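Trainee: Sequence first, predicted coordinates after that:
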Amino acid sequence: MKLLKILLIGAGLSTLPIGMALADEEQALGAPCVVEAYLRAREATLQAEASPSDVDRLIALVAADMVYEHPRVGITITGADAFRDGLSAFLGATDDGRYQVIDYLVSAGTVAISLNRKFKVRDGEEWLPRSVRQLIVFEVKDGKISRIIDYW
């Protein structure tokens, strides 16, 4: 962080007090790491053998009062426990789930990701491949995901 402080001061990149600029920069640097961990944990829940412990690992990355929104279907889920219940209801419904990031934008505590979600769904005894194009906006505060807006 000392190097970052020197770069910010030396480059004149901020008109904010240095403490405030560093707090924003730390949030910007940490947010993509939290989101990356979330995507990997979410992939684990998209496997046929996924378990409640996979959901718990994902829930550890979200704030207790987090909000999940899916505007296309009009769903808003408030709170980590309700989010856990929603995810748990779909365990085993998909297999081989993977996220393929296409592009992303980062600004302070917000990360917007355009991606393809590839997975398989069961049709009788057969698993059929599916792909969904998504845009997900994550808000990260204090190292936890506080809001997810999921467009697909």
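Mentor: Everything's here; your move. Numbers count the residues shown, from 1 in each chain.
Trainee: can you list the residues that contact the strand or helix carrying Y68?
Mentor: Assigned by DSSP states H and E, Y68 belongs to strand 62-70. Strand 62-70 has contacts (C-beta atoms under 8 Å, 6 or more residues apart in numbering) with 38, 75-80, 83, 86, 141-142, 144-151. (Each C-beta comes from the backbone N, C-alpha and C, glycine too.)
Trainee: hmm, 7 Å instead?
Mentor: Residues outside strand 62-70 that contact it (C-beta atoms under 7 Å, 6 or more residues apart in numbering) are 76-80, 83, 141, 144-150.
Trainee: same thing with stretch 136-149?
Mentor: By C-beta under 7 Å, 6+ apart, the residues outside stretch 136-149 that reach it are 27, 30-31, 34-35, 38, 61-63, 66-69, 71, 109-113, 150.
Trainee: mind listing which of the contacts of strand 62-70 are in helices?
Mentor: Among these, DSSP state H puts 80, 83 in helices.
Trainee: Tell me how many other residues surround Y99.
Mentor: Residues lying near Y99 (other C-beta atoms under 10 Å) number 20.
Trainee: Quick one: distance of the helix or strand hosting it to the chain centre.
Mentor: Assigned by DSSP H and E, Y99 belongs to strand 94-107. Centroid separation for strand 94-107 versus its chain: 9 Å, with C-alpha atoms, centre = their mean, to the nearest Å.
Trainee: What mean pLDDT does that strand get?
Mentor: Strand 94-107 carries an average pLDDT of 96.
Trainee: contacting residues around the helix or strand following it?
Mentor: Later in the chain than strand 94-107, the nearest helix or strand by DSSP H and E is strand 110-123. Identification of contacts with strand 110-123 by C-beta under 7 Å, 6+ apart yields 31-32, 35, 46, 94-105, 127-140.
Trainee: just to revisit the earlier point, hmm, which of the contacts of stretch 136-149 are the buried ones?
Mentor: The neighbour count (16 or more other C-beta atoms under 10 Å) marks 27, 31, 34-35, 38, 61-63, 66-69, 109-113, 150 as buried among these.
Trainee: Okay, V101 and R40: tell me how far apart.
Mentor: In this view, V101 and R40 are 11 Å apart by C-beta to C-beta, to the nearest Å.
Trainee: can you give me how far stretch 83-101 is from the chain middle?
Mentor: On C-alpha atoms, centre = their mean, the centre of stretch 83-101 falls 13 Å from that of its chain.
Trainee: How about it, which residues are buried there?
Mentor: Result for stretch 83-101 [16+ other C-beta under 10 Å]: buried residues 83-84, 87-88, 91, 94-95, 97, 99.
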